[in-house]
Structures are given as C-alpha cells and as structure tokens.
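Trainee: Only the shape, not the letters, is given here:
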C-alpha cells in the first residue's frame, strides 16, 4: 500500500469493524437465537440447527461483551500498526514498531478482561481461534514437545546440511505444481491456482477456493511445499458441506484443525518416501538439468534436513514447533505485562539461544519476522502447533484404517487418505469441537505423543 | 473465476446491489436532502454543499424510480452473463451468449422505462454515465466524425504498415515505465504501479490510486501506451480535492471526462514529437538491441500508423472512434428492439465492412470482443469518444494558455500541462457538468472540430 493510503484504510477498517459489531450484537439477533434454543429444532445436539445456534451463540455472547469503541480502536490501531511493522522491518528498526506493539497488547488486555476468562487472560485470546483450548493444556503440550524435541534437534544438529543451488525454470514449476494439485484431489472446477506475494488459500465462496503461490527459480522445494500446505487447506474447504455454506456447520471448526490439514499434506504426505517414489521420476524429467544426477534418496535427504534456524517460516518439521513455543511464551508475557515491548528483542534473542542454540543478529531476523502481533493476532501462534499435533494423530489413524498409506502414495493414489479426511474431518464442519473431533476420528484426545513418535521415527 | 464460484457470486452481487439500493433510496435520506436544499447551505450553487446535494439528489431520484427487484435481477444476470461471455468468447460461439444478451437488453429497457427519458430510451442509459448528454447530440457528433474520418482513413489506408518484431526484456520495460510515470507526475506516495491481467486504474481511497499494467515482450508500445492511458486516469484521481473524498465534489464528473484525461496523455502527449525527442534517447539506451538502428522519425512513424482493424482496443487513434460509432449504433438497435440479439453477428460484420472496410471472420474478433454489454454497460461506449473529443479541446486550450507544449515535452517538462489540467479540470470534481466544464476550460462547448482538426493535421 502506498503511504498515502494508510490513514484512510485504517478509518475504513474501523468503520467496517463497528458496523459488523453492531450487526453481530443486535439484541434482536440474540432474541432470535433464544427462540431457536428453546425450540425442538435443537433436539438433536449434533443436528445442523443445534450446532449452528451453539456456535453463533458463543460468538454473539463474546461479541456482546466487547464495547464497540474497543472493536473500532483495535481495527484502526492494527491497520496502522501493520504498516508501521512493514516499515520497521524494512529498516530493521524495532523501535519504530515498539509503541504500536505496546498499544496492541494493551487493547488485547482490554478485550480479554471484557470477555472474561476462567484461568488466565491468555485463555480469552486462544478461545477466539481454538474454542475450548486453554493455556494450561497448551503449556503442558509445549512442555512435552520441548522436552522431547530439544534433545532430538541436538542429536541431529551435528549432521552437515549442504545447500545445492540449482535452476528450476518457473514455467515448468507451475506446470508440475498444477499436475500435483490435481493428483492430490484439488478441484479446479471449484478453485484456482494463481501467483501471490505470499502463499495463501482463501475460500471466496462454495465452489471458489483460491490458492496463491510464490515460486523461486533456485529453490523448487520452497514453492512446492507452499503448494502442498495450501492444497491441504483447500481440500478442507472444498470438503465442507456446501449446503451449509455461511453457517458454522459449513465452516472449519478451528484454526488448529485447518492447520492440521495443511501440515498433514505438506509434511506427512509431501515428505514421505512413497510420495516421492511416485513423483520423483516426473520431477527429474521436468528438471532434468538440475536433478538427473540426484538419486531419490539424496533428494529425500535434502528435503528432510534438520537445522535450527532463526526464521519460523523456513524452519524444518522438527524445529518448527520450538519456534512456536517461543512465541507462545513471549506473547503471554506481553499480554500479562510481565514483558515490556521494549524488552522484546533481548528476550527473543535469549529464548532462541536457549531453545534452538541460535540468536538473531538483528530485529528483522528476530522479533520483527512475523506480522501476526501487528495484526492483533495474539493467541494465534499455538494453533500452528496444534495443527501439527492433530495432523500426526489423524495421519496415524488414517494409516491404520485405510493404509499402508505410503504404498498408496507410491502408486499415485491419494484418494483413500483424502476420503478418510473428508469423512472424519471435513464434512463435519463445526459439528464437534476440535478436541472432540480428534478423539472421534482417532480414538484419542489431542496429545503430542503421535507427533513426537512420528518425528522420532522419521528423523531420530 | 472457477465455474463452481459463478452462481454464488451472482447471488452475492444481487444481495449487495439490493442493500445498496435500499440505503440509497431510504426515504429518510431524501428528507435530509430536502432539508439541505431548502437551507442557506446551497446559496452558492458552485459551493460544495450545493454541488453535492445536486448530484446526490440526481442519483437518489433516479434510483427511487428503479424497483429493488430490477436492481437485484440486473446484478444477478450480469454476473452470470459475464461468465457466459467468457465461455462464449473462449469457444468462439456467439449462440452461448445470445440469450444473455437478450435478457440484459430487456432489463435495460425496463430500467430506461422506469427512470424515464425526454427523447429516446437510450437517453436514460447515457445519462447514467455522462449526465446531461443526449442521444441526439451524440448522433450529431458521431455523424460529423464519420463524415470527416472515413475519408481520412481511406486516404491513409494505402500506406504500408510493416510490423517489426523486436525483443524488449520485461524488467527493463518495468523500469522505463516507472521512470516515465514519475516524470509525468504520478505520485508514488499516493499510488502504486503493479502488474494486472488487463490494464486498469482504480482509486482505493485518497492517497491510494492503483495502476495495473500488462507488458508484452515483443511489443513495447502496447504495454507503454497502456501506462500512459492509465496515468492519465490516475492524474485525474490524484488531482481531485481530497478533503471532499467520498462526495461528488471530490469525484470525477463523468466517464467521458475521465476518459479525456487518459486519452490526452496517451495520444496527444504520448504520440507527440516533443515527448519522444525527450524520451527516445533513453528508450534506445534501455533497449539498445531493439532500437539502436531505428531513428526517431522511424519510431514515430511506427507509433502513428493508421490501419483499419477488427479490434477496438488495438485500434489506432484515427479509426478508434469509428469502432465506438459502430457500437453506439448497434446498442441503440438492441435497446429499442430493432435489432435482435440473434442478428447481432451479421449486423456487426456488415457495419464493420461498410465503415472500416474490414469484416470479422468469427465472433471472437467480432461482436464477442468487448465485455461491456455482458456487464450491463449500455450507453457506456460513447463516453470513449466523448473522452477523445474533450481531450482534443482541452489540449488545444492548454497549448494556447501554457504552450507551446511540444517544446515543453521535448525539454522533459510536463508540469505546466498537468497543472493546467489540475486547475481547469481535476480540482473541480463534479462542480460543473462535463459540457460546462469543457466550455469554461476551453471557451467552446463540446464539439468534435478540435479532434478532427488535430487528427487531420497529424495524420492527413
């Protein structure tokens, strides 16, 4: 956005947020919900009316507790802060962003106190992205991951990680990516693949799911794993029940569950031996100069390197959750006021040194790398790790039920996994809370055990 | 858009159109307008309150006459028809689009009859894009253009038009285009240049004017004249009074006036000798391989070729208005019902043969080439020619006042023209109707004389 457009956009965002808030908190809307809640429509708690009313009631009750002034101010401040973050990151100067960060966490505190919470303030934030999840459960989950993964990372750290620069012409990357998307089951009649500044997947409406991808001439895998990630999101959206579009029954249950679908296809499918037994010959044909002398195992070895780094979005599968853990801890400190914005860069560096053994030399590769806080997304990061946790459990269960999946992948067959996910996850929309959905699908409540086991087996 | 998204989008467009219509026709809104109209706020008819109320009243009164059902149906049908047009064009099969065209013109008839008109139905359509303009005046204007330009085209037709394919690397095109945009006065703090599927300029808000451009590796001029055209639109938007943003005083007066700005920079500046005396040496440096052996006059000769063709958007400056004339005549026939949609392809071919001496071999290069009718834009085409007419008059007046402009251009000086336009056109917003604005700025009412004189002098 040009500088000149920032202020007006902030005003527009505030106005829109206010209008949406007014509509979403209209007392008449609450009365109508009550009428349905008292009716026989909700007799079956797993039926669409009961599910929709339950979820809409939850959102209505939360929204009612937040004053319009706070909604507008949060929208205005985050619109301005996002631009300040862009500028601070470009110039590599955290102090430009620091006052905005203070303001954003102050607004989040106000919001948490307005909506209330049973345990800690952070519960009120997490609840917005992962209904039913608590700080306490997240803490336990991250503690387990830290104690199991840090030693694994340390054990792998010594291995050399050669970087080989090769040329992957962009038109061939686009053709290959499109072929793979179709093979995995992305429905091109109900979606598109296009080019974007950052990879994304967004659902415009039923039958219109858009993926944006970025390609890198000298790094095939970066663009390609972006595809697999976004296709995972897209298959969820395309697997939702269209007849319920626009209501919770036709919508994803939580951010963590959405992320589980993207991470499952990205990592558990896309880094598997079977997947590449099928696709690697085609990849070698498409990029003959780059890959004809690289054997399958060498290629897989490169894909599955573990190397602690500074940047979350470039992190490998094993260290990734430790990046999330650090943000989870720091944002709790910022929300509670234990950590001041001014002290964030030092705390960030210290935490990275301690957990991953690396420390950023500047703010751009440190605490300015993610846009989330600038956009007011506090309590959002843990959903990334929840996604990994759910994904490992779901994949294990699918493998038990319709596997061995690795052999199916090697035969170019992805339908059995996709249909299992459709049956056990996608079609339910928000019928069950994420934890209940995981338990119904896998037989176990959410638990990092499957993830740790999977990572240890593949990398240990 | 993927096929699967079309139906939902049509429903959304209809819903939005209905909501906007409800807001824009709310009786309370009319009452508030009446209060201001009866107050001293409107004492000065050229003051902002009077101008705003006058324009908002005009829109309100028109909108009140159109039933919500018709507004919704038009939005729904044009959303579906636009997709049908894409498909029909791709397959080169007019019959796929024919029933939609019938339906769209039937809805336009309904709208015209609902809002009423003094002369012909077509008046009601034109009024929406060029307030104050009439079918009668347009007919006279086009008759004059036809009688003067057809002989000119015939005289030029015999000249050979060699096409030379050269390579213009895209990164250098983008750099050159950006440099020229800045030189002409495009404010990059209040706007951006990006890449788009089709060239466009859109104003997101005050201080955020976006241009999208498409570049062609073997055709520098196609991308470049797209830039000049869109910069003309952008300078108008950037020259509007920001303090009046969102009201008629801060908005362009008409589509014709907007087009006058784009066509002025595209043709009267961008095809001039002075412009290229300044920029051609830089162009030769940027594209040495392609242009080092081409002298300035040779380059200008290529730029200013006249060759009757089938495609409006590829047309040269002299034949362009004849393409518009044909559409003006055909859409009047379709609106009145004299011409049936089924007969359009034949009528199109016949009219092209008669006026331009060429006839399309298929529908894609014939009556399926423009999206306008599919989008319900009936009465819109003439604003393109009004833009050319106004542009020639404005340029002549500016040249008298602050010229000789060609010499200024040769010195790389575009400010005097830009400021003259800012002073006489941009800053006024919708203060004066387009015709009055032309007359105030140039001393003459809108008249094709200046355009014919200009084209005859440069091409005759």
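Mentor: Perfect, thanks for sending it. Keep in mind that what you see is a predicted model, and the values were worked out from it rather than measured. Numbering: from 1, shown residues only, chains lettered A, B, ... in the order given.
Trainee: Excluding chain neighbours, give the residue nearest to residue A:134 in space.
Mentor: Of all residues not flanking residue A:134 in the chain, residue A:123 sits nearest, at 5.5 Å (CB to CB, 6 or more residues apart in numbering or on different chains). For glycine as for every other residue, the C-beta is placed from the backbone atoms N, C-alpha and C.
Trainee: what's in contact with the helix or strand where that neighbour lies?
Mentor: Per DSSP states H and E, residue A:123 falls inside helix A:121-129. By CB atoms under 8 Å, 6 or more residues apart in numbering or on different chains, the residues outside helix A:121-129 that reach it are A:62, A:108-109, A:111-113, A:115-117, A:133-135, A:138, A:254-256, A:331-332, A:335-336, A:378-380, A:382-383.
Trainee: Of the residues you listed, select the buried ones using a ChimeraX command.
Mentor: Written as a ChimeraX command, the selection of buried residues from these, which uses 16 or more other CB atoms under 10 Å in any protein chain shown, is:
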select /A:62,108,109,111,112,115,117,133,134,135,138,254,255,256,331,332,335,378,379,380,382,383
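Trainee: Which members of the contacts of helix A:121-129 occur in helices, if any?
Mentor: Using DSSP state H, the subset of the contacts of helix A:121-129 located in helices is A:62, A:108-109, A:111-113, A:115, A:135, A:138, A:255-256, A:331-332, A:335-336, A:382-383.
Trainee: just the strands in the stretch 101-250 of chain A please.
Mentor: Counting by DSSP state E, counting those that start in this stretch, the stretch 101-250 of chain A has strands at residues A:191-195, A:200-205, A:208-213.
Trainee: mind putting the ones you listed in TSV, mean neighbour count and mean pLDDT included?
Mentor: TSV is the format used below for those (neighbours: other CB atoms under 10 Å in any protein chain shown; pLDDT from 0 to 100):
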stretch	mean neighbour count	mean pLDDT
strand A:191-195	16	96
strand A:200-205	18	95
strand A:208-213	22	97
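Trainee: tell me the mean pLDDT for stretch A:267-279?
Mentor: Averaged over stretch A:267-279, pLDDT sits at 98.
Trainee: re the thing from before, how many other residues sit next to the residue nearest to residue A:134?
Mentor: 20 (other CB atoms under 10 Å in any protein chain shown).
Trainee: Quick check: the gap between it and chain B.
Mentor: The gap separating residue A:123 from chain B is 36 Å, by CB to the nearest CB, to the nearest Å.
Trainee: what's the distance between that residue and residue A:67?
Mentor: According to CB to CB, to the nearest Å, residue A:123 and residue A:67 sit 20 Å apart.
Trainee: ok, stretch A:176-193 near chain B or not?
Mentor: Yes: Stretch A:176-193 reaches chain B (CB under 8 Å from any CB of the partner chain) through A:187, A:188, A:189, A:190, A:191, A:192.
Trainee: Let me know the closest of the residues you listed to chain B.
Mentor: Sorting the residues of stretch A:176-193 next to chain B by distance to chain B puts residue A:190 at the head of the list, at 3.5 Å, by CB to the nearest CB.
Trainee: So that closest one sits against residue B:7, correct?
Mentor: No: using CB atoms under 8 Å as the test, residue A:190 is too far from residue B:7 to be in contact (11.4 Å).
Trainee: Touching both of the two, which residues are there?
Mentor: Common neighbours of residue A:190 and residue B:7, using CB under 8 Å, 6+ apart, are residue A:207.
Trainee: more crowded one of these two?
Mentor: Neighbour totals were compared for residue A:190 and residue B:7, and residue A:190 leads with 20 against 17 (other CB under 10 Å).
Trainee: For the more buried one, give me its contacts.
Mentor: Contacts for residue A:190 (CB under 8 Å, 6+ apart) come out as A:206, A:207, A:208, A:209, A:238, B:2, B:3, B:4, B:5.
Trainee: Which pair of these spans the longest distance?
Mentor: Across the contacts of residue A:190, the longest distance by CB to CB is 13.4 Å; it joins A:238 and B:3.
Trainee: Of these two, which one has the most company?
Mentor: Neighbours were counted for residue A:238 and for residue B:3 using other CB under 10 Å; residue A:238 has more, 24 against 13.
Trainee: who touches that one in this structure?
Mentor: Neighbouring residues of residue A:238 by CB under 8 Å, 6+ apart: A:186, A:187, A:190, A:191, A:209.
Trainee: With residue A:177 as the reference, measure out to it.
Mentor: For residue A:238, the distance to residue A:177 (CB to CB) stands at 17 Å.
Trainee: can you check residue A:358 too?
Mentor: Separation of residue A:358 from residue A:177 (CB to CB): 31 Å.
Trainee: what about those two, which has more around it?
Mentor: Ranked by neighbour count (other CB under 10 Å), residue A:358 and residue A:177 place residue A:177 first, with 21 against 15.
Trainee: wait, the more buried one sits on residue A:223?
Mentor: Yes: with contact defined as CB under 8 Å, residue A:177 counts as touching residue A:223 (7.1 Å).
Trainee: Residue A:460: neighbour count?
Mentor: Neighbour number of residue A:460 under other CB under 10 Å is 12.
Trainee: So it sits against residue A:151, correct?
Mentor: No: using CB under 8 Å as the test, residue A:460 is too far from residue A:151 to be in contact (9.6 Å).
Trainee: So for stretch A:433-449, mean pLDDT?
Mentor: The average pLDDT within stretch A:433-449 is 98.
Trainee: Tell me the buried residues in it?
Mentor: Residues of stretch A:433-449 classed as buried by neighbour count (16+ other CB under 10 Å): A:433, A:434, A:435, A:437, A:438, A:439, A:441, A:442, A:446, A:447, A:448.
Trainee: For chain B, state which of the residues you listed is nearest.
Mentor: The closest of the buried residues of stretch A:433-449, once distances to chain B are taken by CB to the nearest CB, is residue A:437, at 25.8 Å.
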